[in-house]
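K.L.:
The amino acid sequence is not available; the structure is as follows:
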């Protein structure tokens, strides 16, 4: 027995690893196949990132790659090189080494997969602005502030003046003046950098640090550090490297410790300047600034500004003009008030309306004490004159966001729809269009400012004085509690949850736990609870018990792991938003939430569709863009026949769809999803065309794809090999086509039955198709009255070893006749062409095609070893005009030509 026991012990020790090595030995080929698949996916991802990065670098503005993107690409190339070494080693390995090679392949596969998953997000910018002083800020015309502007400029030009403090009451024009100064400094180029940062009322050191780092395009370098002191040290070093700069701190409410933030103290040695705007003269003096006061406009300046906004025709009205002058006086020389009141009365010529406006303004101002309170009352005049109560609610909703927040217009309109501020219409698109009309009206009344954010998205922003006005209204009627972006670590105290509160916004705080203890016995009137962008991990079991009227619940981008069962008591809930809750893996039964119209579960970690989903027949909006979802239960989608918006994760093959499941969704307007095969895609498109249902926005995919898209109507075909001769159908209004690793493809037109009619196609990308010979054969033009590629703007051709021409002469005719067969509309809107790894290509653009390419701006050719001509031309032309003159003659808009 004593001999057996050690043997058993050894077996127990060696058993598991021995079994694993036997598995590696037996299944080496399986491991190698998986290795090749992951390597190809990494290669594809790297190529996609490189392509998108190149496109961004070609855009105007002198952009440079983000450091993280460069590091990832470098690592990807190294990893692929290592993978090639592994492949060679395995290929040449002996039979007895199969187990060791299997282990090596498995480990490298895991490593590549992990690295692939850490790739830069294709939906975000990969490049950033290169070194420059900064970008100009949008400004409005200065009226009467020229004296203050000159004084500030003079101080900036004096070496002995290091810090300047600009102070004045809210709405007097401090920020407007400084925006002009900012832009003037950029033109002057005396400083290496001009940095603009808005501080706002609720000062937060880490936010200011982030904002300065963002302005320097270095936020990623600061984000990895959590300690304030070390962050200040890092930021200080960043600013030192920038060199001589001007830092403008807008809307400072209290003293700011430069040392605590990491801002350099301006000195003779560093040549830096600090400018701040504030309502407090004390702040200027405390921070050691040269103090400059911005005074209200003179009577004449105020009148000039008012008339410029109210319209020139009013000057001719002899009855209205005397009243108008009195209205201007009530605006107290404040540009913001003048602009808002004038915009409210624009186009009015009835003297009675003007008399009533004057009376109303006087009464408002007389009933309050204090300068700031009077400013708010003047601004309320415009709010009260919004004719539609729902428009007023739309405006007040903008105050739910943190101060100085750039609110994406599309997101804001979605919120208005959720709240019921926009009347239900025939389609969701009509409701969105109505939302844009409301936004336009609020912008025209100067209650909202139209801006564009760094992602080039159209946004709105509220002036801080307008925000104060909106908040003052919500403290009275309607009753809202708004504490967004205040760094709260817990819910407000129980006393603040008054029973008559209708809406609560606690978004963008630091709340980690939701407890029942702070709430009153019942929140009978509460309809909206906005908790998004908080690190909430836990919600009390009975938290939702006493909220009978709750309609909108937003928990997006929180860290909650589960929802309490009490959510099923929210019988009036119409909107549940859990987007980006990456810790959630399952949800309670939702069958009781039968009023639900919008459910967003995108970017969660759920594995199964929540129980009771089939009962939610009122759903209009459903987003299940989830990588981890294991299946879509058969028969679920047909029950949700009111859906207007439906989204699935295109890379999750387990949620691939059948066309018959989609057919009952007659009201669908926006759709993202993946189909099982070409046949199912064709059935879906055929069903669309037969029912004359045109999706407003879609992303349709078959197979795998790692490429991002930039348009609203996209079809992607990836890695489809066995398609049994079935032709691909395309929606007629398709805007972007992406085809990856489809080796059966010979050209686009012959293998795509409806492609000839795709006259709205703007972007076409073909990648890794081994047998494609041309983009379009010449013969296809003779058999079609439509002109494919007539709207194409970007053509991207990569790793196509057999591709020899864009248009192949398959008719065997001469070039003179060729040019007459190709319609002049073909490629007539083409702006950019990228060609990489096309080893059979000898001439990219033949001379007979050049007359069609009058809008071509960029040509990028790389790793095309056999290419002889990028721009083909008759020899006589080259001899007569020279190659440079030839380009200018044939391609007048060409700006960039890259050949590697």
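P.N.:
Happy to help now that I have it. Computed from a predicted model, the values in this text were never measured in an experiment.

K.L.:
How many neighbouring residues does the residue nearest to residue 218 when sequence neighbours are not counted have?
P.N.:
Spatial nearest neighbour of residue 218, chain neighbours left out: residue 238 (5.5 Å); criterion: Cβ to Cβ, 6 or more residues apart in numbering. C-beta coordinates here come from the backbone N, C-alpha and C atoms, glycine included. Residue 238: 18 surrounding residues under other Cβ atoms under 10 Å.

K.L.:
what about residue 238, which SS state?
P.N.:
helix (DSSP: H, G, I helix; E, B strand; the rest coil).

K.L.:
Isn't it up against residue 210?
P.N.:
No - in this structure, residue 238 is not within contact of residue 210 by Cβ atoms under 8 Å, at 11.9 Å.

K.L.:
what touches both of the two?
P.N.:
Common contact partners of residue 238 and residue 210 (Cβ atoms under 8 Å, 6 or more residues apart in numbering): residue 222.

K.L.:
returning to that earlier point: quick one: the residue nearest to residue 218 from residue 232, how far?
P.N.:
11 Å (Cβ to Cβ, to the nearest Å).

K.L.:
For the closest residue to residue 457 other than its chain neighbours, list each beta-bridge partner.
P.N.:
Among residues not flanking residue 457 along the chain, residue 408 sits closest, at 5.3 Å (Cβ to Cβ, 6+ apart). Counting by DSSP bridges, residue 408 forms beta bridges with residue 459.

K.L.:
mind starting the numbering at 604 from now?
P.N.:
Will do, 604 is the new start, and the previous item becomes residue 1011.

K.L.:
Next, the contact list for residue 1011, please.
P.N.:
Here residue 1011 is in contact with 1056, 1060, 1061, 1062 (Cβ under 8 Å, 6+ apart).

K.L.:
Now for the second one, how many residues are close by?
P.N.:
Think residue 1060. Residue 1060: 13 neighbours (other Cβ under 10 Å).

K.L.:
tell me the mean pLDDT over the longest helix along the chain?
P.N.:
Looking across the chain with DSSP state H, the single longest helix is helix 631-661. Average pLDDT, helix 631-661: 77.

K.L.:
buried ones in that helix?
P.N.:
By neighbour count on 16 or more other Cβ atoms under 10 Å, the buried set for helix 631-661 is 631, 634-635, 637-638, 641-642, 644-659, 661.

K.L.:
same thing with stretch 1001-1014?
P.N.:
Buried residues in stretch 1001-1014, counted by 16+ other Cβ under 10 Å: 1001, 1002, 1003, 1004, 1005, 1006, 1007, 1008, 1010, 1012.

K.L.:
From the chain's centre, how far out is that stretch? Work that out for me.
P.N.:
Distance of stretch 1001-1014 from the chain centroid (Cα atoms, centre = their mean, to the nearest Å) equals 14 Å.

K.L.:
Equivalent analysis for stretch 1162-1169, please.
P.N.:
Centroid separation for stretch 1162-1169 versus its chain: 28 Å, with Cα atoms, centre = their mean.

K.L.:
repeat for stretch 839-852
P.N.:
28 Å.

K.L.:
Quick one: end-to-end distance for it.
P.N.:
Using Cα to Cα, to the nearest Å, one end of stretch 839-852 lies 16 Å from the other.

K.L.:
Would you mark the buried spots in it?
P.N.:
839, 841, 842, 845, 848, 849, 850, 851, 852.

K.L.:
Relative to residue 926, which of the residues you listed is nearest.
P.N.:
residue 851 (39.9 Å; Cβ to Cβ).

K.L.:
so that closest one bridges to which residues?
P.N.:
Bridge pairing for residue 851 (DSSP bridges) gives the partners residue 799, residue 878.

K.L.:
Residue 1116 now?
P.N.:
Under the criterion used here (DSSP bridges), residue 1116 is bridged to residue 1141.

K.L.:
residues near it, how many?
P.N.:
14.

K.L.:
Provide the secondary structure category for the residue nearest the centre of the chain.
P.N.:
Taking Cα atoms, centre = their mean, the centroid of the chain lies closest to residue 1058, which sits 5.7 Å from it. Look at residue 1058: counting by three-state DSSP, its state is coil.

K.L.:
To what extent is the residue nearest to it when sequence neighbours are not counted buried, counted in neighbours?
P.N.:
Spatial nearest neighbour of residue 1058, excluding adjacent residues (Cβ to Cβ, 6+ apart): residue 728 at 6.7 Å. If you count neighbours by other Cβ under 10 Å, residue 728 ends up with 17.
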